[in-house]
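S.K.: heads up, no residue letters with this:
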C-alpha cells in the first residue's frame, strides 16, 4: 500500500491552516498560561499548570500528526481524462433500483470526510465500490438496512452550485 495520502486542494489547505493556527495562536497562548502557572510555585497541586501541560501534549500530538500527514499528501487537483467514470474527488449521484431515492456523495481523502456533507473517504467500502464505475452502472451498496442496488446517475468533478 502506498504511503501517499490522497486529498483535495481544499482539504490540504484546511490541514495547513489548522497547523499554522496551532503553531502561531493556540500553542503560544497555552505556553504563556503554563509559564504563568509555573511561576506561582508548587506545581504538584497547581491545576492550571497540570491542565496546561496536558493541553500542550495534546497540541504537540496533533502537530506531529499534521506534519507527518502533510509530508505524505498527494493533492489531486486535476480532473481525470475520463469524466464519465468515478475517481477520487468526484461528486456522484446514485439512484435506487426502485427509483426515486437519490444519494449524493463526494469521494474525498480520509482526513476530510464529512458525513453531514455526504463526503465519504476514499477508503470507505462505498467509495471502493464506486471507484471506476461509469454513468448508468449498477452497484450494490451495503448499508444499515441491508444491501441496496443503486445506479450511477451522475458524475461531476466541479463543485455543485
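M.R.: Right, received. Where do you want to start? Just so you know, these numbers come straight off a predicted model, no measurement behind them.

S.K.: in stretch 91-101, what's buried?
M.R.: 91-94 (16 or more other CB atoms under 10 Å). Quick note: C-beta positions are derived from backbone N, CA and C, even for glycine.

S.K.: That one spans what distance, first to last residue?
M.R.: End-to-end distance for stretch 91-101: 16 Å, by CA to CA, to the nearest Å.

S.K.: average pLDDT for it?
M.R.: Across stretch 91-101, pLDDT averages out at 85.

S.K.: re the thing from before, turn the buried residues of stretch 91-101 into CSV, columns for secondary structure and distance to residue 52.
M.R.: Shown next, in CSV, are the buried residues of stretch 91-101 (DSSP: H, G, I helix; E, B strand; the rest coil; distance: CB to CB, whole Å):
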residue, secondary structure, distance to residue 52
91, strand, 43
92, strand, 46
93, strand, 49
94, strand, 48
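
S.K.: Switch those residues over to TSV; also include distance to residue 75.
M.R.: Below are the buried residues of stretch 91-101 laid out as TSV (distance: CB to CB, whole Å):
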residue	distance to residue 75
91	18
92	21
93	25
94	26
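
S.K.: What's the first helix or strand after the helix or strand of the chain with the lowest mean pLDDT?
M.R.: None of the helices or strands of the chain scores lower by mean pLDDT, DSSP states H and E than strand 138-143, at a mean of 84. Using DSSP states H and E, the next helix or strand after strand 138-143 towards the C-terminus is strand 146-156.

S.K.: what about the helices in the chain?
M.R.: Under the criterion DSSP state H, the chain contains helices at 9-21, 27-38, 47-72, 125-130.

S.K.: which helices and strands sit right next to the last one?
M.R.: Yep, that's helix 125-130 we're talking about. Packing contacts for helix 125-130, counted by 3 or more CB pairs under 8 Å, 6 or more residues apart in numbering; DSSP states H and E, involve strand 102-108, strand 119-121, strand 138-143.
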